[in-house]
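Peer 1: Build me a model:
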Amino acid sequence: MKMKFAVALAATALASQAFAQTKWDLPSAYPASNFHTENLAQFVSDVDKGSGGKLKITLHPNASLFKAPEIKRAVQGNQAQAGEFLMANFQNEWPLWGLDGVPFLATSFADAKRLYDASKPAIEKKLNEQGMTLLYAVPWPPQGLYSRNPVKSQADLKGIKWRAYSPATARIAELVGAQPVTIQQAELSQAMATGVLDSYMSSGSTGYDTKTYEHLKYFYDLQAWLPKNAVVANKKALEALDKPTQDALRKAAAEAETRGWASSEKKTGEYLDLLKKNGMTVEPPSAQLKTDMQKVGEVMLKEWLDKAGPEGKAVVDAYRK
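Peer 2: Here you go, the predicted model:
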């Protein structure tokens, strides 16, 4: 009898172990309706299905669990097992995080993909050193200029209140003579409504998500750069998963990357159309504004290369081959 009970107990223990469920948190800084977040939601669903329910990831959009600047450190410290962050936000920590925020270095999806491929080995190495693993990365649509008033040249930007959300956008403000104000996306709508800012550079996606058209009336399609969001996992949390679950996670991540790039490119035109439909003037930059901003890009690339040293130069050289 005792033997039967012991066997039954062992079988129960094995069964519960086989069906043990691991729970992860995944914070994001963007609203649930944003295409990055929708892609994350699909990723989470695919992981659930692919792992047979063994890995359950809870998505926390709109900076509800951690604010944008806190997410990377939260994953690093395993406060969240995975997370999404804008790489360019962390340029002060490591210059290569800001490579895709250098204006006019990569201005199309094809160029952005080549830049990503050139920089990916260095990014993976850095994340590994910091106790994290890259799952996937997806670009925002090309960045343009939002403004309360018409902008025909750099001279029109002097002294205006300019949203800075990364070291690169703060530096652009300095170079064009604007006044940088640090505002994360979750606070952007309120900042515009209260007159805290007059202008900022971002994608059509951000403009639509934050209803920028209710406050700022002009968008100049500069196509200045395509910054990327990285989705990362805590290395120890990842390695604690059994191999089939790890494989399911990586498969879902690869699919999310492919899907995300395609979605970003498809939605670029859609977002600009939505801005127009909501009363915003959407137009290409004047020749003078484009020239002025390209000069800003040249200065920033030189500064970036000086900071990034041989590691950065090697990546840019690989991209330009």
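Peer 1: Now residue 105, what are its backbone angles?
Peer 2: In terms of degrees, to the nearest 10, the main-chain angles of residue 105 are phi -80, psi -50.
Peer 1: For it, list the residues it contacts.
Peer 2: Each residue near residue 105 by C-beta atoms under 8 Å, 6 or more residues apart in numbering is listed here: 99, 111, 115, 225, 297, 301, 316, 319. (Each C-beta comes from the backbone N, C-alpha and C, glycine too.)
Peer 1: just residue 127 next, same as before
Peer 2: 133, 134, 232.
Peer 1: Just confirm the first one is within a helix.
Peer 2: The reference is to residue 133. No - the assignment for residue 133 (DSSP: H, G, I helix; E, B strand; the rest coil) gives strand, which keeps it out of a helix.
Peer 1: what about it, distance to residue 279?
Peer 2: From residue 133 over to residue 279 the distance is 44 Å, taken as C-beta to C-beta, to the nearest Å.
Peer 1: quick one, which of these two is more surrounded?
Peer 2: Counted by other C-beta atoms under 10 Å, residue 133 and residue 279 do not tie: residue 133 has more neighbours, with 22 against 9.
Peer 1: coming back round to it: which among the contacts of residue 127 gets closest to residue 70?
Peer 2: Proximity to residue 70 was ranked across the contacts of residue 127 by C-beta to C-beta; first place goes to residue 232, at 13.8 Å.
Peer 1: Phi, psi for the residue most central in space within the chain please.
Peer 2: Computing the C-alpha centroid of the chain and ranking residues by C-alpha atoms, centre = their mean puts residue 229 first, at 2.1 Å. Reported as degrees, to the nearest 10, the phi and psi values for residue 229 are phi -90, psi 130.
Peer 1: Tell me the bridge partners for it.
Peer 2: residue 86, residue 138 (DSSP bridges).
Peer 1: if we can go back for a sec, now render the contacts of residue 127 as JSON lines, adding pLDDT and distance to residue 162.
Peer 2: Compiled in JSON lines, the contacts of residue 127 are given as follows (pLDDT from 0 to 100; distance: C-beta to C-beta, whole Å):
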{"residue": "133", "pLDDT": "98", "distance to residue 162": "35"}
{"residue": "134", "pLDDT": "98", "distance to residue 162": "31"}
{"residue": "232", "pLDDT": "98", "distance to residue 162": "29"}
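Peer 1: out of those, who's nearest residue 258?
Peer 2: The shortest distance between residue 258 and any of these, using C-beta to C-beta, involves residue 134 and amounts to 14.9 Å.
Peer 1: so what's that closest one bridging to?
Peer 2: Applying DSSP bridges to residue 134 gives these bridge partners: residue 232.
Peer 1: That one: what's it in contact with?
Peer 2: Taking C-beta under 8 Å, 6+ apart as the criterion, residue 134 is in contact with 120, 123, 124, 127, 230, 231, 232.
Peer 1: What ranges does the chain have for its strands?
Peer 2: Assigned by DSSP state E, the strands in the chain fall at 22-27, 55-60, 82-86, 132-139, 144-147, 161-164, 179-182, 199-202, 218-220, 228-234, 281-283.
Peer 1: Run through the neighbouring helices and strands of the second one.
Peer 2: Packed against strand 55-60 by the contact rule (3 or more C-beta pairs under 8 Å, 6 or more residues apart in numbering; DSSP states H and E) you find strand 22-27, helix 35-50, helix 243-277.
Peer 1: Understood, closing this out.
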